[in-house]
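Trainee: coordinates only, sequence not included:
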């Protein structure tokens, strides 16, 4: 399965040192309430990043603009290659964080969160087959997800630069589980609007089947996005400025 994603972010991709913005909360690792503090700090940071943060090189995350994403769904009842361009993802800034756990020795951060509603608008191209219907379509499309539970597992590697320790994000995995999904693809069957709407009806009527096929490639693509975003913080701000007393 192929999942390719390119994210449009502000400023240069080159590393530079930066201070954590003053409105970002920091937590003391040795505090008995560290995990609670960390969950709140991450949630507040997400809310603050709605309009971006130039000092960290982060563009607005709501909407989050993605240049391109390609999902190869492989074989099965829905076997298509879906290419999306000019994606705008709305709803990330309203995410609430249920828990955050840091293993400071293994340099692993696990965050569990909830997002009430996510919408993705984009221009698509799709080729392949849905059930017995050949698909070759393009045009505007959208996905909507409700009550989305996510688990983020972020792995870092300490690196020393000019006497300070930073985290290089070596791995980022995200699991995404929505309670409901809705989608629509305009002109899915070129030249046959009636069949196009029937196929859209199938995708929505049996959305769990559709989501099961897109889940792996979608999670891979979102992991790449979030890894790049997280890296812009951890690669610029010393880890001791993010986690006090580490």
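Mentor: Alright, I've got the coordinates. Computed from a predicted structure; not experimentally measured.
Trainee: okay, how far is it across stretch 199-211, tip to tip?
Mentor: Using CA to CA, to the nearest Å, the span of stretch 199-211 from its first residue to its last is 15 Å.
Trainee: average pLDDT for it?
Mentor: For stretch 199-211, the mean per-residue pLDDT is 95.
Trainee: now do stretch 178-186
Mentor: The predicted model assigns stretch 178-186 a mean pLDDT of 98.
Trainee: now stretch 158-173
Mentor: If you average the pLDDT values across stretch 158-173, you get 92.
Trainee: pairing partners for residue 64 in the sheet, please.
Mentor: Residues in a beta bridge with residue 64, per DSSP bridges, are residue 89.
Trainee: tell me where this protein has helices.
Mentor: Remark: helices assigned in the chain by DSSP state H are 34-48, 193-205, 207-234, 239-242.
Trainee: need the contact partners of the shortest one.
Mentor: The reference is to helix 239-242. Here helix 239-242 makes contact (CB atoms under 8 Å, 6 or more residues apart in numbering) with 19-20, 26, 156, 158, 164-167, 233-234, 246. (Glycine included, C-beta is placed from N, CA and C.)
Trainee: now that helix: average pLDDT?
Mentor: For helix 239-242, mean pLDDT is 87.
Trainee: just want the most central residue of this protein.
Mentor: By CA atoms, centre = their mean, the mean C-alpha position of the chain lies nearest to residue 222, the distance being 3.7 Å.
Trainee: surely that one and residue 172 touch.
Mentor: No. Applying CB atoms under 8 Å as the test, residue 222 and residue 172 come out as separate, 9.2 Å apart.
Trainee: buried ones in stretch 144-160?
Mentor: With burial defined by 16 or more other CB atoms under 10 Å, the residues of stretch 144-160 counted as buried are 144-145, 148, 150, 152, 154-156.
Trainee: residues touching the nearest residue to residue 180 once chain neighbours are set aside, list them.
Mentor: Leaving out its chain neighbours, the residue that sits closest to residue 180 by CB to CB, 6 or more residues apart in numbering is residue 146, at 4.2 Å. The contact partners of residue 146, by CB under 8 Å, 6+ apart, come to 116-117, 178-181.
Trainee: repeat for residue 76
Mentor: residue 213.
Trainee: confidence score at it?
Mentor: According to the model's per-residue confidence, residue 76 sits at a pLDDT of 82.
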